[in-house]
Each structure stands twice: as C-alpha cells, then as structure tokens.
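**Student:** Sequence and predicted model, in that order:
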Amino acid sequence: MENEGNNKQESVELIEISIVEGNESKDGEVAAKTAKDLFSDFKASDESDYEPDEHDPTDTDSDEPLSKRVKVKKEKGTKSKKDANDNAAKTKKNYSQKYKKEWEAIPSVRPWISESVHGPHYFYCRFCKKDYKCGKTEIFKHMSAMKHKRHLSSTTQGVQQKFMFRGLLCPVVTPFVKSRAKEINYKLINPYAKFLKACGVKGILLNDVVGEGMSLTPDERKSLTEYWATLCKEKNQFLMVQIGGAPLKSVIDMAIHAEKLKVGAIVLMPDLYNRPKNHLDLIRYIKIISDYTEKIPILYHHYPKYTHLTNIDMTSFLLDITGEIETFVGVIYSTNDLQEGLTALTLNPDKYVCFMGTDEVMLGAVASGFTCIMGNSINILPKLAESICQCIKDGEIKSAQASQNLLKKALDNIYCNGDMVATLKAAISIVTNLPMEVVREPLQTVWEGTYTKMKNKLHEIGII
C-alpha cells in the first residue's frame, strides 16, 4: 500500500510538470515570449473579472454548442450527484481550451490579447496586465468586464490628452557658422523659424536626421532645445525633440531636460551602435528611458534606411508595447512602405498616432487616412505639401496628383546633387536666401558650382 501511495504521488507531480510547456532555460526560468516578461512578475488567474449570471446558460468557459449546454442544465436535477460530477469532469476534459492565434485577428480583441507565459491554457490582457484561463467565451466575458473597460478608457483618454498634434510636421535643419569648428549659428534660427511660421508650419521636429542631431553634443542638443522651445512658445508651434542616437545615459539626460522644458513630445531613435536585436529588445530600450520621465509623450522614429534596423517587426512591436509603456504614443514611419505604415495606422488608432515620414508617398498616405505627415520638403515647399492634403480632403484628385508630381520633380533635382542633408540645406538657402547650406563634418557642404546648378534648375521648373 505504501508503494502504491508513492506511485500516485509521483504521477501527480508529473501531471503538474506537464502543464508548463517548453520555453524553459537551463536554470528553470521561463524564456521571454512577450514584452511583459521583461519588466514585471505576472501571476496567472483562473478567475474571470466578469461576474457570471447563474441563470444564464451561456455563461461557461466551454465553447460547446448552446443547445447541448442548455440540455445539460435541464437534466441536472434528474441525475445523481455522482453522475453530475462525472459529466462535469468529462466536459472539462473534452472542452479545455488552448490559446488560438486566430483570436488575434478579431478586431475588437487584437489590440489587447496575447499569448501567456503560463502555458497554452491562458491568455494575457495587455490593458489589465493579467493572465486568464482560455476560452473564446471567456475572452468576450473579460472584454465586457468593467475592470477591462476602465483600463481601456483610462489608457485611451490619457494618450489623447498627452498628444493632441495632428497635421504637417517639419524636421528642421541646424545652421552652422562657416568656420573650422562649425559652431551652431543661432542668429539664423529666428529668421528661419519666422519663414516656417509664415508658411503655416505648425509642428517642429528638432535634432532629427536632417537636423544633424547625431553630429551634435548632448549639451548642444539641449541648448538648441531651449532656444526652439522659447520660439515655439512665442509662435504657438508644437515642438517635438529627437533625443536618440546617443549613449543611453545621455539620452536619459536629454529626456529629463525635454520634460522640464515641457516640450510637446520626445522622439526616439535606437542606439546606433548597440542596435536592438528584435522588437522586444527595442521595447526594453524605450522602457528604460520612460522610467526616468513621468508624463512626456514618447514616439519611436522608424527609419530603417538610416538605422539599418530592417529586422524589427513593427506590427509585433506595437502589439507588444501596448500596456507596457503608458507614455508611448506612436511611431514616425520614414519608409516608402505605405502598406506597413497603413497596418500600423489601423492597428490601434485610439491609442497610437502614426506619422508618415516620407515625401515620396505623401499623396498615398493622405488618401489612405493619415492625418499626421512629416516631410523634409516642408522646409522648402510647405505650401505644396499643404496643397496635397487639402486637395485630397476636397476630393480634387488630379490637383493633388499634380502637386505630388511637382514635389517629386523638385526633390529629384535636389537630391541628385549629393548627400540628402547637404543638398536639402542648400535648397533651403536658395529658397529662403539665408546661408543655411553649411553642414558639420563628416558630411560635406555642397560645392559652390553644384549650388549654382541646383539654383538654376529649381528656377527652371518653377520652384523659385
């Protein structure tokens, strides 16, 4: 009898072990599958936040057809207690639900559901930060729970209050003095800002790629932020500051500085040396920075041509970051892949804003429903970009196409003369008559002969 008892005990232990499937490290720790594994300890719950109605025959974890479930309830009183228990055990065994990937395709479920690290019989809610037992019925019960609705409502309202900007965003350049040191020429910033304001530009992005932010020291970037913050406050413009592309400690310092100045938002590019290996690594990087700030909205600038991060799945990124970083509000897409940007736009529009950040697909982006556009051309042809948006809004497709074609023609004649940043700054100098063409090494300023050639070409096509 004693041996028999030991055998039973061993069998129970084996059953318990089999519940946790795969994904364990050599040290017995469960490997990270989703973003939540990186930051907190989570416990699975066998209980729903939904309070079931005892008289409702549909309130069950099972996906068994309704007619069969109602029949079981009617026959309950005629069966013995033992038969009822046997029947319940059999039902539980036959209809124990496992997580199904197809549930993520349900529009109302997709923004918040994901797999659980506690095994295939659980699902995880990103909004509530909790794991629950699986079952399609149980998922919809949870979605109807007041707790889930409160989390959804508070998250959405918080994001809407934090980031209200919609429209055209201009990534501004940084003027330099014509000297060996190439110091920042602050005297040119005010007339440059006046030109943008006169052209109707309402959004400013500072220290990004065209602003040569990665060629500036952290102190220079903070000094520029202070200068532009004052100008934008005077001119009632929305200021966003790019703080990435520097050592993490400097990025955190710039984030804290930007929040103290009360800028509209901070924009992050990844560490350009220790690049993220996957989207979870990127989420962890953003999480570290957000832990040092409290309320400032954070956006990620997806620019694979510049960062060489081509292995980041942005759909998985936006799904897994949901509920993990409350101050994260969206993405800037500097890519010609309009379909990928559109997927991000429609993934969770109540929570995330999505900028299309390339001039070449501006027409397609606006026609597809993008209300936030960033373009380098806004530095020189803001009215043309505004015309594309307005013509689409008014249904004047041919006029919008004509504006897009002219914009493309202008940019082709600018960028064919060398590096994108250097040629863009030369074009700004031509249009504004301000000496903005100087770039900081290792970039090379456009040669004088090329500058004259570009000026003549822009005059020929009617830009100036």
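**Tutor:** Nice, I can see it.

**Student:** switch to C-alpha atoms for all contacts and neighbour counts from now on
**Tutor:** Will do.

**Student:** ranges for the helices of the stretch 201-350 of the chain?
**Tutor:** With DSSP state H, counting those that start in this stretch as the criterion, the stretch 201-350 of the chain has helices at 218-235, 248-261, 279-290, 304-307, 314-321, 338-347.

**Student:** got any ranges where the stretch 1-150 of the chain has weak pLDDT?
**Tutor:** 1-96, 149-150 (pLDDT under 70).

**Student:** do the stretch 151-300 of the chain as well
**Tutor:** Residues of the stretch 151-300 of the chain that meet the cut-off, pLDDT under 70, sit at 151-162.

**Student:** residue ranges of the strands in it, please?
**Tutor:** Under the criterion DSSP state E, counting those that start in this stretch, the stretch 151-300 of the chain contains strands at 167-171, 203-206, 238-242, 265-268, 298-302.

**Student:** Please work out which of these is packed deepest.
**Tutor:** strand 238-242 (a mean of 26; mean count of other CA atoms under 10 Å).

**Student:** From the chain's centroid, how far away is that strand?
**Tutor:** When distances are taken as CA atoms, centre = their mean, to the nearest Å, strand 238-242 is centred 16 Å away from the chain's centroid.

**Student:** now the angle between helix 248-261 and that strand, please.
**Tutor:** The directions of strand 238-242 and helix 248-261 differ by 170 degrees, with axes from the mean of the first three to the mean of the last three CA atoms, to 10 degrees as the criterion.

**Student:** related to what we said a few turns ago, will you turn the strands of the stretch 151-300 of the chain into CSV that also has distance to residue 331?
**Tutor:** Formatted as CSV, the entries for the strands of the stretch 151-300 of the chain read as follows, by distance: least, CA to CA, whole Å:
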stretch, distance to residue 331
strand 167-171, 13
strand 203-206, 13
strand 238-242, 12
strand 265-268, 9
strand 298-302, 5
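
**Student:** nearest to residue 378, of those?
**Tutor:** Shortest distance between residue 378 and those, using CA to CA, is found for strand 167-171: 5.6 Å.

**Student:** Chain neighbours aside, what residue packs nearest to residue 195?
**Tutor:** residue 432 (7.5 Å; CA to CA, 6 or more residues apart in numbering).

**Student:** mind checking pLDDT for the one you found?
**Tutor:** Predicted confidence (pLDDT) for residue 432: 94.

**Student:** That one and residue 336, how far apart?
**Tutor:** When CA to CA, to the nearest Å is the yardstick, residue 432 and residue 336 sit 28 Å from each other.

**Student:** and what of residue 414?
**Tutor:** In terms of CA to CA, residue 414 sits 18 Å off from residue 336.

**Student:** more neighbours, the two?
**Tutor:** Applying other CA atoms under 10 Å to residue 414 and residue 336 shows that residue 414 carries more neighbours, namely 24 against 15.

**Student:** Helix, strand, or coil at the more buried one?
**Tutor:** Three-state call for residue 414 (DSSP: H, G, I helix; E, B strand; the rest coil): helix.

**Student:** does it really touch residue 428, like I thought?
**Tutor:** No - shown here, residue 414 and residue 428 do not form a contact pair, counting by CA atoms under 8 Å, at 10.4 Å.

**Student:** returning to what we had before: please verify my assumption that the residue nearest to residue 195 contacts residue 196.
**Tutor:** No - contact criterion CA under 8 Å: residue 432 and residue 196 do not qualify, at 9.9 Å.

**Student:** more neighbours, these two?
**Tutor:** Using other CA under 10 Å as the criterion, residue 432 and residue 196 rank with residue 196 on top: 21 against 16.

**Student:** how about the nearest residue to the more buried one, chain neighbours excluded?
**Tutor:** residue 379 (7.2 Å).

**Student:** Which residues are in contact with the one you found?
**Tutor:** 170, 171, 172, 196, 428 (CA atoms under 8 Å, 6 or more residues apart in numbering).

**Student:** List the beta-bridge partners for residue 302.
**Tutor:** residue 333 (DSSP bridges).

**Student:** And the pLDDT at it?
**Tutor:** Residue-level confidence at residue 302 comes out at 95, pLDDT.

**Student:** Surely it and residue 269 touch.
**Tutor:** Yes - contact between residue 302 and residue 269 holds when scored by CA under 8 Å: they sit 7.3 Å apart.

**Student:** Out of the helices of the stretch 201-350 of the chain, which gets nearest to residue 453?
**Tutor:** Using CA to CA, the nearest of the helices of the stretch 201-350 of the chain to residue 453 is helix 304-307, at 27.5 Å.

**Student:** Alpha carbons of the closest one, as PDB, please.
**Tutor:** Only the C-alpha atoms of helix 304-307 are listed here, as PDB (Å, rounded to 0.1, in the frame of the first residue of the first chain):
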ATOM      1  CA  PRO A 304      15.500  51.600 -41.400                       C
ATOM      2  CA  LYS A 305      17.500  53.200 -44.200                       C
ATOM      3  CA  TYR A 306      19.300  55.300 -41.700                       C
ATOM      4  CA  THR A 307      19.400  53.000 -38.600                       C
END
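
**Student:** Before I go, just wanted to say thanks for your time.
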